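Novice: predicted model follows, preceded by the sequence.
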Amino acid sequence: MNVRLYVLQRATAALMVPLIAIHLVTILYAIGGGLSAKEVLARTQGSLGWGLFYGLFVLAASVHAAIGVRSVLAEWSPMRGRSLDIFMWVFGAVLMVLGLRAVVAVVM
Amino acid sequence: MQKTLEVSIWRGGSEGRYEVFSVPKRDNQTVLDIVTWIQRNADPTLSYRFACRVGVCGSCAMTVNGKPRWTCRTHVSKVIGDGKLEIAPLANLPVVKDLTTDMSRFFEKWQEAKGHFVPSKTRADPIEQISPESTERRAANEAIECINCGVCFAACDSVRWNDDYFGPAALNRAWTLVNDVRDAGNKERLKAVAAKGGCHNCHSHQSCEQLCPQALNPTASIAGLKRRTMQAYIRGEL
């Protein structure tokens, strides 16, 4: 961990606090209202707002989680140096691709 | 009343074992008294380190019943708990023999964290007046009384998990210098503590603060370094 990773991880955490709150409240609201998957999709498809919301969420989560997992591996596994950085980039990229695919699926 | 104490003492290097000694019980006995009694009366080959015996030099730290302590100021009655006394060398440092550790790594980390004063003036300059009330001086004073005993280094989970980490004492020292207005080394110091092994590896578990015999709070010093390096990074100075 260095100052660059530290700042990025804290900044993405701060960004995700309101996003998580909105995400959870929306889920509870949608479930409580008895919306089916089809009805949810009808609301999200074509919505630029939800696309941007979850697109930003996925980017922040990918960066945040990749740095966090790097720290865990640095302390709890034999991985050191470059291998840690490579793992962080690959893990972050995989999360981002999976997440963005999911966003595209519900918005497009 | 029981007249003797059964004391387990670590013998050998990192691959050693505990040896049990029976030591006469005394009033106001310190853990260092116990170790000294064993060396003088039971086994003169027992190795341990001490100097001042009064909590100034920071030489005699050992692991006492699982926790790092300065043994000269640790009364047996305060730590004996269920009647068991187990004394081992400090953790997170290589064992030389018995209760003696090789502290080179601990002091090398101070150098890596730029924990040394860099003068900004010559002896020809007048002595700088420092107000004891200034924010910087008060911050430095809070952290300045470290005796380099290594208790915080031995207590720290992050040191145990991360070989690169400078540890609480070195970073605490760096923080005192960051707040020393006479020092000219802060650019390099902030770079050092913001890089690999630096202050951002601290998880704020606060074992250092809990066990520091001088009642210092290295976690707070490290938090100060985190703030200062973050500000410098955002301003593009790192």
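Specialist: Alright, I've got the coordinates.
Novice: mind listing what the nearest residue to residue A:45 once chain neighbours are set aside touches?
Specialist: Spatially, and ignoring its direct neighbours in sequence, residue A:45 is nearest to residue A:107 (6.4 Å; Cβ to Cβ, 6 or more residues apart in numbering or on different chains). Just so you know, the C-beta spots here come from the backbone N, C-alpha and C atoms, and that holds for glycine as well. Neighbouring residues of residue A:107 by Cβ atoms under 8 Å, 6 or more residues apart in numbering or on different chains: A:44, A:45, A:46, A:47, A:50, A:51, A:54.
Novice: tell me the contacts of the residue nearest the centre of chain B?
Specialist: With distances taken as Cα atoms, centre = their mean, the residue of chain B nearest its centroid is residue B:150 (2.6 Å). Contact analysis of residue B:150 by Cβ under 8 Å, 6+ apart lists B:58, B:61, B:68, B:90, B:93, B:101, B:103, B:106, B:169.
Novice: 7 Å - rerun?
Specialist: By Cβ atoms under 7 Å, 6 or more residues apart in numbering or on different chains, the residues touching residue B:150 are B:61, B:90, B:93, B:103, B:106.
Novice: ditto for residue B:229
Specialist: Neighbours of residue B:229 in contact, by Cβ under 7 Å, 6+ apart: A:3, B:190, B:193, B:194, B:199, B:238.
Novice: looking at the residues you listed, spot the one nearest residue A:32.
Specialist: Closest approach to residue A:32 among the contacts of residue B:229 (Cβ to Cβ): residue A:3, at 43.3 Å.
Novice: so what touches the helix-or-strand element of chain A with minimal mean pLDDT?
Specialist: Lowest by mean pLDDT, DSSP states H and E among the helices and strands of chain A is helix A:37-44, with a mean of 88. For helix A:37-44, contacts defined as Cβ under 7 Å, 6+ apart pick out A:30, A:50, A:106, A:107.
Novice: in a strand, that's where the third one is, yeah?
Specialist: No - assignment of residue A:106 by DSSP: H, G, I helix; E, B strand; the rest coil gives helix, placing it outside any strand.
Novice: any chance you could map the strands in chain B?
Specialist: Along chain B, the segments classed as strands by DSSP state E run B:4-11, B:17-24, B:61-64, B:67-70, B:85-88, B:95-97, B:100-101.
Novice: which other helices and strands contact the first one?
Specialist: If I follow you right, that is strand B:4-11. strand B:17-24, strand B:85-88 (3 or more Cβ pairs under 7 Å, 6 or more residues apart in numbering or on different chains; DSSP states H and E).
Novice: mind listing what residue B:94 touches?
Specialist: By Cβ under 7 Å, 6+ apart, the residues touching residue B:94 are B:14, B:101, B:102.
Novice: what subset of the residues you listed is buried?
Specialist: residue B:101 (16 or more other Cβ atoms under 10 Å in any protein chain shown).
Novice: now distance to chain A too, for the contacts of residue B:94, in CSV please.
Specialist: Converted to CSV, the contacts of residue B:94 look like this (distance: Cβ to the nearest Cβ, whole Å):
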residue, distance to chain A
B:14, 19
B:101, 22
B:102, 22
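Novice: where in chain A is pLDDT low?
Specialist: Along chain A, the model assigns pLDDT under 70 to no residue.
Novice: do that again at 80, thanks
Specialist: A:33 (pLDDT under 80).
Novice: what residues does it put near chain B?
Specialist: In this structure, chain A approaches chain B at residues A:1, A:2, A:3, A:4, A:6, A:7, A:74, A:75, A:76, judged by Cβ under 7 Å from any Cβ of the partner chain.
Novice: export the residues you listed to JSON lines and tack on neighbour count?
Specialist: Below are those laid out as JSON lines (neighbours: other Cβ atoms under 10 Å in any protein chain shown):
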{"residue": "A:1", "neighbour count": "25"}
{"residue": "A:2", "neighbour count": "18"}
{"residue": "A:3", "neighbour count": "23"}
{"residue": "A:4", "neighbour count": "14"}
{"residue": "A:6", "neighbour count": "21"}
{"residue": "A:7", "neighbour count": "17"}
{"residue": "A:74", "neighbour count": "22"}
{"residue": "A:75", "neighbour count": "18"}
{"residue": "A:76", "neighbour count": "9"}
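Novice: put the alpha carbons of the least confident helix or strand of chain A into PDB.
Specialist: Extracted C-alpha coordinates of helix A:37-44, given in PDB (Å, rounded to 0.1, in the frame of the first residue of the first chain):
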ATOM      1  CA  ALA A  37     -38.000  -8.900 -12.800                       C
ATOM      2  CA  LYS A  38     -39.800  -8.000 -15.900                       C
ATOM      3  CA  GLU A  39     -41.300  -4.800 -14.400                       C
ATOM      4  CA  VAL A  40     -37.900  -3.800 -13.000                       C
ATOM      5  CA  LEU A  41     -36.300  -4.300 -16.400                       C
ATOM      6  CA  ALA A  42     -39.100  -2.200 -18.000                       C
ATOM      7  CA  ARG A  43     -38.000   0.700 -15.700                       C
ATOM      8  CA  THR A  44     -34.200   0.300 -16.200                       C
END
